[in-house]
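K.L.:
Sequence first, then the predicted structure:
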Amino acid sequence: MKILVVDDFSTMRRIVRNLLRDLGFNNIEEADDGNTALPMLRNGKFDFLVTDWNMPGMSGMELLQAVRADENLKHLPILMVTAEAKRDQIVAAAQAGVNGYVVKPFTAAVLKDKIEKIFERVE
Amino acid sequence: MSELNREDITEEVADELKEHATGLKEALDQGNISEAMQRIAELGEVRDRSLYREVGRLTRSLHEALRNFEIKAENREQQEELSKMADASDRLDYVVQLTSRSANKTMDLVEDTMPVASNLREEANAIREDWGRLRRREMKPSEFRELYRRIDAFLDRIVSDSDRLHGNLSEILLAQDFQDLTGQVIQRVTSLVKEVEDHLVKLMVMASDVDRITGLVHDQEEGSQEDAVSSRGEGPQIDDSQQDVVSGQDEVDDLLSSLGF
């Protein structure tokens, strides 16, 4: 299971990476915005994408739309982990095809629960 | 410039206006048109002068507010670090730096601490198993000697490892010292923003006074409220009591399940 974690703050990437490691995922790579993430996704055979929304360069929402529009990537499971907490935004992310949505601040249990649910549905 | 000064100015202006108005009335009563015209011109001049004075006063206090925006440092090191910063955005960058440094230090220590705790747990579990066999008298003397040696080593390890845990926890505690400095910086920036806002409001009131006095009418542009979701994001919501903001993960889950997730 190869996972890409996208967040503009290195501390948040580190927190997510640590939590994922606790859940038994060790093959994790990082990117700091959509512009860096998209080429990695296209070349890297990732199984799962965890992304923030609000980032400089390409935002998480734009990344989500780009992934869903890409023939080779459109089935990639995507979990959004973000401080964006407006109802309209959550609805928009759902409509754009996100597989899970976690609002910051979050707990390890919530992250675990959402990831498990995503893989239950995917499998 | 104090409010008292402002009142002085207004009073002075009112006195001058009154004087010229009386003069104007007298001139008109006497049929002295050129004197009346002169008075009207002087009235206009007083009005203009008071406007310039007011603009000047606001400009000075804005300038003062910006110049007063400084942080009191507690020691030389902080003084040097803080004096390098001339403006609010640099200050806020400094907050980002400090919080990020602290977060990374805390995570370094947590990453160092976690394996220590899990190793202790593993070794304690292994020893407890053998201890059970000893109590059930299932242990050979050679195995007992081995267990005796392991317990001895384990006790030593508990002492040194708990010292390390304690040390790491103390350092984690100290890594939270950023709150003091960042709190100060943010409070300063907040009060600067408030001050600037106050002055801007006063400028707006003045601008509307200018409009009223000069009789200017502006086209009212109704800013069309764009409600569409921005793909850029809006950042954290501070007030989760608002209708359109979820107050936590439970509400996100409810919303998503209502959409068929």
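P.N.:
Sure, I can see it.

K.L.:
Can you name the residue of the stretch 101-250 of chain B nearest to chain A?
P.N.:
The minimum distance from the stretch 101-250 of chain B to chain A, using CB to the nearest CB, falls at B:G233 (3.3 Å). Every C-beta, even on glycine, is put in place using the N, C-alpha and C of the backbone.

K.L.:
Let me know whether that residue touches A:G60 as I believe.
P.N.:
Yes - applying CB atoms under 8 Å, one finds B:G233 in contact with A:G60, separated by 7.3 Å.

K.L.:
which neighbours do the two share?
P.N.:
A:53-54, A:82 (CB atoms under 8 Å, 6 or more residues apart in numbering or on different chains).

K.L.:
List buried residues within those.
P.N.:
Using 16 or more other CB atoms under 10 Å in any protein chain shown as the burial test, the shared contacts of B:G233 and A:G60 include A:53-54, A:82 as buried.

K.L.:
Check these one by one and keep those near chain B.
P.N.:
A:53-54, A:82 (CB under 8 Å from any CB of the partner chain).

K.L.:
ok, back up a step: redo the shared contacts of B:G233 and A:G60 as CSV? Include pLDDT and secondary structure.
P.N.:
As requested, the shared contacts of B:G233 and A:G60 are arranged in CSV below (pLDDT from 0 to 100; DSSP: H, G, I helix; E, B strand; the rest coil):
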residue, pLDDT, secondary structure
A:W53, 93, coil
A:N54, 91, coil
A:T82, 92, strand
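
K.L.:
Residue of chain A closest to chain B, please.
P.N.:
Of all residues in chain A, A:N54 sits closest to chain B, at 3.3 Å by CB to the nearest CB.

K.L.:
Which residue, other than its chain neighbours, is closest to that residue?
P.N.:
Spatial nearest neighbour of A:N54, excluding adjacent residues (CB to CB, 6 or more residues apart in numbering or on different chains): B:G233 at 3.3 Å.

K.L.:
The one you found falls within a helix, correct?
P.N.:
No - read with DSSP: H, G, I helix; E, B strand; the rest coil, B:G233 is coil and lies in no helix.

K.L.:
Please report the distance of it from B:L200.
P.N.:
27 Å (CB to CB, to the nearest Å).

K.L.:
Kindly report the same for A:D22.
P.N.:
49 Å.

K.L.:
Low-confidence stretches in chain A?
P.N.:
A:122-123 (pLDDT under 70).

K.L.:
Chain B contacts on that one?
P.N.:
So chain A meets chain B at A:9-11, A:14-15, A:18, A:53-55, A:59-62, A:65, A:82-92, A:94, A:101-104, A:106, A:110 (CB under 8 Å from any CB).

K.L.:
hmm, which of those residues are the buried ones?
P.N.:
A:11, A:14-15, A:18, A:53-55, A:59-62, A:65, A:82-87, A:89-90, A:92, A:94, A:101-104, A:106, A:110.

K.L.:
so what's residue 119 up against?
P.N.:
Since no chain was named, I'll use chain A. With CB under 8 Å, 6+ apart as the criterion, the residues that contact A:F119 are A:P77.

K.L.:
other chain: chain B
P.N.:
So B:N119 contacts B:D161 (CB under 8 Å, 6+ apart).

K.L.:
And A:K117, by the same measure?
P.N.:
Residues near A:K117 by CB under 8 Å, 6+ apart: A:G100.

K.L.:
So it: helix, strand or coil?
P.N.:
Once three-state DSSP is applied, A:K117 turns out helix.

K.L.:
Check the gap between it and A:E29 for me.
P.N.:
Applying CB to CB to A:K117 and A:E29 gives a distance of 23 Å.

K.L.:
cool, A:I115 as well?
P.N.:
For A:I115 relative to A:E29 (CB to CB), the value is 16 Å.

K.L.:
before we move on, the earlier item: could you check which of B:G233 and B:L200 is surrounded by more residues?
P.N.:
B:G233 (20 against 12; other CB atoms under 10 Å in any protein chain shown).

K.L.:
Now the more buried one: phi and psi?
P.N.:
phi 90, psi 160 (degrees, to the nearest 10).

K.L.:
Equivalent analysis for the one 4 residues further on, please.
P.N.:
For B:Q237, the backbone dihedrals (degrees, to the nearest 10) come out as phi -90, psi 120.

K.L.:
before we move on, what about A:L49?
P.N.:
Phi and psi for A:L49, reported as degrees, to the nearest 10, are phi -120, psi 130.

K.L.:
worst-scoring helix or strand of chain B, pLDDT-wise?
P.N.:
Here the helix or strand of chain B ranked lowest by mean pLDDT, DSSP states H and E is helix B:76-83, holding a mean of 55.
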